[in-house]
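Engineer: Below: sequence and its predicted model.
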Amino acid sequence: MAKSLFELNPDLDRAALATEFAGANRLQIRNILTDETARELRTILHDHTDWGLGLQAGTHGKPQGFRAQDLRQKDIAMQAMELAKETDKAAAGRDYAYRSLRYSLVEALQGGWDPDGPHEILLEHLNAEPFLGLMRDITGIAELAKADAHASCFGAQHFLGRHVDSHVEEGWRIAYVLNLTIDDWYPDWGGYLVFFDDDDNIETGFKPRFNTLNLFRVPQAHAVTYVPPFAPKGRYAISGWLHDR
């Protein structure tokens, strides 16, 4: 595996991070990777990722993924456009919905989309001992055994509606978001990871800050805020869940 593709910052204070996580069950870790590593990963997402679409309209709707090559077919592109309209209807009706650009690292590995390519190597790093060991140390969950992952880009008019990850029975313990967007993301551009209390007040909001890892214990009510049409850049990230089995 290419070390330069995923190298953890050696100066992280694991004990301090663990204390902070234990107090809040969520945490934002700045400069999680070396700067060279983070910039290389951002280049991969920006220039070398064949982006598809991820969409879901309604709590009872199924999440739909469309690969980039499929979206080049007119009938599938029309299907995706209609589903995108349904996400607006669902959100307007106070139901769950999301839409963003998406590239599943797990599906890419299983489907042989780009054998031995950078996305496969990244998934290996996320499941190797240096990263999983760091996650165990910070979260205090010794049983963490594997990570899944997908790349996402929240561009103009993309969002992730308020929801609670409820897959604990499937081994989900920790959700993570490795932010790899531009250095100077502006607050008015949205794309914040926000957490809600029982009255739907926002308790905490995490800026999509470059080379920052957000962690939180599941389940927690959260969302990614709407990215408006005037946002000039996309919110690039690697996201997923850490499993205990």
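Structural biologist: Yes, it's here.

Engineer: Could you report the distance from residue 69 to residue 52?
Structural biologist: Plainly put, residue 69 is 8 Å away from residue 52 if you go by CB to CB, to the nearest Å. C-beta: built from backbone N, CA, C; applies to glycine.

Engineer: can you check residue 10 too?
Structural biologist: 35 Å.

Engineer: between the two, who's got more neighbours?
Structural biologist: When residue 10 and residue 52 are compared for neighbours, residue 52 comes out ahead with 18 against 6, by other CB atoms under 10 Å.

Engineer: So that one is in contact with residue 71, correct?
Structural biologist: Yes - shown here, residue 52 and residue 71 form a contact pair, counting by CB atoms under 8 Å, at 6.5 Å.

Engineer: Any idea how many residues pack against the closest residue to residue 68 other than its chain neighbours?
Structural biologist: Leaving aside its chain neighbours, residue 68 sits nearest to residue 50 (4.4 Å; criterion: CB to CB, 6 or more residues apart in numbering). Per other CB under 10 Å, the neighbour tally for residue 50 reads 12.

Engineer: was I right about residue 50 contacting residue 103?
Structural biologist: Yes - look at residue 50 against residue 103 with CB under 8 Å: they come within range, at 6.7 Å.

Engineer: which residues touch the longest helix seen in the chain?
Structural biologist: Longest helix in the chain, counting residues (DSSP state H): helix 74-92. With contacts defined as CB atoms under 8 Å, 6 or more residues apart in numbering, helix 74-92 is touched by 53, 55-58, 61, 64, 66, 70-71, 96-99, 159, 161.

Engineer: what residues are up against residue 193?
Structural biologist: Residue 193 neighbours (CB under 8 Å, 6+ apart): 177, 205, 206, 208, 214, 222, 223, 224.

Engineer: Identify the residue nearest it in space, chain neighbours excluded?
Structural biologist: Spatial nearest neighbour of residue 193, chain neighbours left out: residue 206 (4.4 Å); criterion: CB to CB, 6+ apart.
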